[in-house]
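>>> Model the following, please.
(chains A and B)
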Amino acid sequence: MPRRLADTAAVATAAVVTVCCLALLASCLDGTAVYWFGGWVPRHGIALGVAFAVDPVGATMATLAGVLATAALTFSWRIFEAVRTLHHALMLVFLAGIVGFCLSGDLFNMFVFYELFSVAAYALTGYQTTDPGPVRGALNFAITNSVGAILVLAGIALLYGRAGALNLAQLGQSLASRPADRLVIVAFLLLMVGFFVKAAVVPFHFWLADAYALAPTVVGVLFAGVVSELGLYAVARVYWTVFSGPFEGVQGLRGILLVGAVTTALVGGVMCVLQHHLARMLAYATVSHVGLTLAGFALLGPAGTGGAVLYLVADGLVKGALFISVGIIEHHLRDTDERRLAGRGRHLPWVAGLLVLGALGLAGVPPFGTFLGKALLEEAALAAGQPWLIGLFVAVAALTSAALLRATGRVFLGLGPGGGPAAARRGPDESAVRHPHAHPTQVAPAVALLALAVAIGLWPGLTAAAEEAAARFTDRPAYAAAVLGGAAEVPAAHPPVLLAAPAGWAVLSALLGLALAWAALRPDRLPAGPRDRLARAAAPAVAALRRIHRVQIGDSVTWLVVGMAGFGTLLALVTR
Amino acid sequence: MLKFLPYMVAAWLLLVGLYGIVTSRNLVHAITCLSVAQSSTYILLLSVGFERGGTAPVFLDVPVGTRAVDPVVGALTLTDVVVGATVSALLLALAVQAQKHQGTLDPERFGKERD
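Numbers count the residues shown, from 1 in each chain, chains lettered A, B, ... in the order given. All right, here's what the predicted structure looks like:
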């Protein structure tokens, strides 16, 4: 197939998928859209067939994946001159798997789609087989995630043995009558850990940096934008449809999930600051934001869920734009290490602008959609009696935006130790520059993604819509009725969210991020005594954190087992 | 006791497979261990749907109400086998590439490019 034809076909397919998902989203706003394959509709409330059950949250995830895939394919138009159509085919299979995963109302089908997009993702990570890095990243990614998938399947088998059903609504209905016993707890543990691996919740995240950073940057757009989030989506979907009944009275579950969320957010944030490789920095920013989103889901209520979904969508768009920007840098300068790139990005002012805007988006500054998501999350945290979570949100936003602003300052302005004015004067390294200016098909997708993230932030009535969608997402009986019986749902009304205090927190996050970035770039301006004391005090912890993250395949599976044992022990304690 | 035997076998296979992956110094060995862990799910699924004294789930020429094993788990296991085969094939292909470029199958001797 001629190259341009393949490009056009791939972009057009992804765009059509996006439009269809949007149409689906619009059509399910009034009530869950259910489709039974082969006309196997439930009889007397018993589901034998396999269904797609589409609610606004699932349709939103599918749309997000479609948007990111369209942007990534448009971007790859000029990047991969040498690559054959294999890349396009894999990207479309990947997208198909994700869309199926988001729409499925059947637990086993969720597993099949999960494996489908995972296998496409492994292949996409490792297909640049001339390079040793991606192959190594893909191996660790594939083995760790396959172990996760095995755990998910074992959990499904146990649930099927107990309830005799695979439909999410049916499972929820038949488990709801009794509190969780040992079998249900073990099934819950297996399913949650399996999805936590995909979501890269600490300590199940060790595969992520290698996979995201060593994969082609185009693929990173989808990975960082939507794949980790899908793990969280699955956690929330399965919890609310299946396990919310038997775990209703379990008080400690929220605490366990919050511990995981806080650890993930902080480890990801600190590791993000410690990176110099731009894609690796974004990979850890993803981990950190997964922690933040998990905190929203962990509040186990509609408000936190709504905030988490809104945040996750806006954050995915921003992260996609950032990955594209890093891809442009890689394409033009043949490098993504901020130290080696110091001062070499001066002729790409567009990209600098994109990175700064992206950093502001990560910090959750209005009018980015991340701001609205965070405002909802903060409100939910206050309502749930966990006001300290706001501090976590500020810290995460400051850390990730600081890392990005520091890298931008170094690459585009030549600031910082190591670079210095000499490096800045050197200007673009002609030998390394193939194309002097960024091409519109490279910059446009990133600009479009950022514009969408802003549009989400400015859309009137979106917080109310998100809360309503979340109220439906977390309403197990209504979901079961919609799937099995076709009863109408009554969405509850919500008071409008107050945005003044969250705006203050957002500005504080951005200022903290800016201050941290400045401190990293101009350490000579800081008072020497406290600076050196702080550096000495932090050094052992930083070294330990770096050492832990230098992992082989075996290590990341070891951490998986350890994490599962820990989670299982805590679950056993709180359900005693 | 015999009733729980398949479940114990499934748990054993999962643990043995994970142990193999964790301690492996050879990619092909690690991938085989992954298949071992995966086969625990086959046993688990099949034993969940097993019916003592049941026939194969073919309801032709048998009286209504004949005991049969659950056909759903059979379908799930088949899907699972296909998925497992796909993953193994892809992983082995990656291992071949790793051997080609690194000259070794030992993940600990792969070149490092981390900061």
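>>> Skip the chain neighbours and tell me the closest residue to the residue of chain B found nearest chain A.
Closest contact between chain B and chain A, by Cβ to the nearest Cβ, is at B:Val48 (3.8 Å). In short, each C-beta sits where N, CA and C put it, glycine included. Using Cβ to Cβ, 6 or more residues apart in numbering or on different chains and skipping the chain neighbours, the partner closest in space to B:Val48 is A:Gly161 (3.8 Å).
>>> And A:Arg254, by the same measure?
A:Leu300 (5.2 Å).
>>> what stretches of chain B score poorly on pLDDT?
Applying pLDDT under 70 to chain B flags residues B:111-115.
>>> again, only this time at 90
Low-confidence regions of chain B, defined by pLDDT under 90, span residues B:1-4, B:24-25, B:49-72, B:94, B:97-115.
>>> For the longest helix seen in chain B, which residues meet the burial criterion?
With DSSP state H applied, the helix covering the greatest number of residues in chain B is identified as helix B:71-102. Burial within helix B:71-102, assessed by neighbour count using 16 or more other Cβ atoms under 10 Å in any protein chain shown, is assigned to B:72-73, B:76-77, B:79-80, B:83-84, B:87-88, B:90-91, B:93-95, B:97-98, B:101-102.
>>> per-residue pLDDT, the closest residue to chain B within the stretch 101-250 of chain A?
Per Cβ to the nearest Cβ, A:Gly161 is where the stretch 101-250 of chain A lies closest to chain B, at 3.8 Å. Predicted confidence (pLDDT) for A:Gly161: 90.
>>> Number of residues surrounding A:Leu462?
A:Leu462 sits with 18 neighbouring residues when counted by other Cβ atoms under 10 Å in any protein chain shown.
>>> so what's A:Pro349 up against?
A:Phe412 (Cβ atoms under 8 Å, 6 or more residues apart in numbering or on different chains).
>>> if I look at it, how far off is A:Val411?
Per Cβ to Cβ, to the nearest Å, A:Pro349 is found 12 Å from A:Val411.
>>> Can you give me the neighbour number for B:Val28?
14.
>>> In contact with it, which residues?
With Cβ under 8 Å, 6+ apart, B:Val28 has these contacts: B:92, B:95, B:105.
>>> Just to check, the residue of the stretch 101-250 of chain A closest to chain B is in contact with B:Phe50?
No - proximity of A:Gly161 to B:Phe50 does not meet the contact threshold set by Cβ atoms under 8 Å, at 10.2 Å.
>>> For stretch B:54-72, measure first residue to last.
Start to finish, the residues bounding stretch B:54-72 are 14 Å apart (Cα to Cα, to the nearest Å).
>>> tell me, how many neighbours does the residue nearest to A:Arg254 end up with?
A:Leu300 has 21 nearby residues by other Cβ under 10 Å.
>>> per-residue confidence for it?
At A:Leu300, pLDDT is 89.
>>> Ok, A:Ile79 next?
Value for A:Ile79, per-residue pLDDT: 64.
>>> cool, A:Gly427 as well?
Looking at A:Gly427, its pLDDT reads 46.
>>> quick one: A:Tyr35 is in a strand?
Yes - A:Tyr35 forms part of a strand when assessed by DSSP: H, G, I helix; E, B strand; the rest coil.
>>> Chain B versus the closest residue to it other than its chain neighbours, what's the distance?
Distances taken as Cβ to Cβ, 6+ apart put A:Phe52 closest to A:Tyr35, at 4.6 Å, once the chain neighbours are dropped. Distance, A:Phe52 to chain B, using Cβ to the nearest Cβ, to the nearest Å: 17 Å.
>>> A:Gly296 too?
31 Å.
>>> Which of the residues in the helix or strand containing that residue are classified as buried?
Element membership for A:Gly296 (DSSP states H and E) is helix A:278-298. Within helix A:278-298, the residues scored as buried using 16+ other Cβ under 10 Å are A:278-298.
>>> residue ranges with poor pLDDT in the stretch 151-300 of chain A?
A:162-165, A:173-182, A:202-203, A:207-228, A:244-252, A:273-279, A:300.
>>> That one against chain B: which residues are in contact?
Proximity of the stretch 151-300 of chain A to chain B (Cβ under 8 Å from any Cβ of the partner chain) is limited to residues A:153-154, A:156-158, A:160-161, A:166, A:275-277, A:280.
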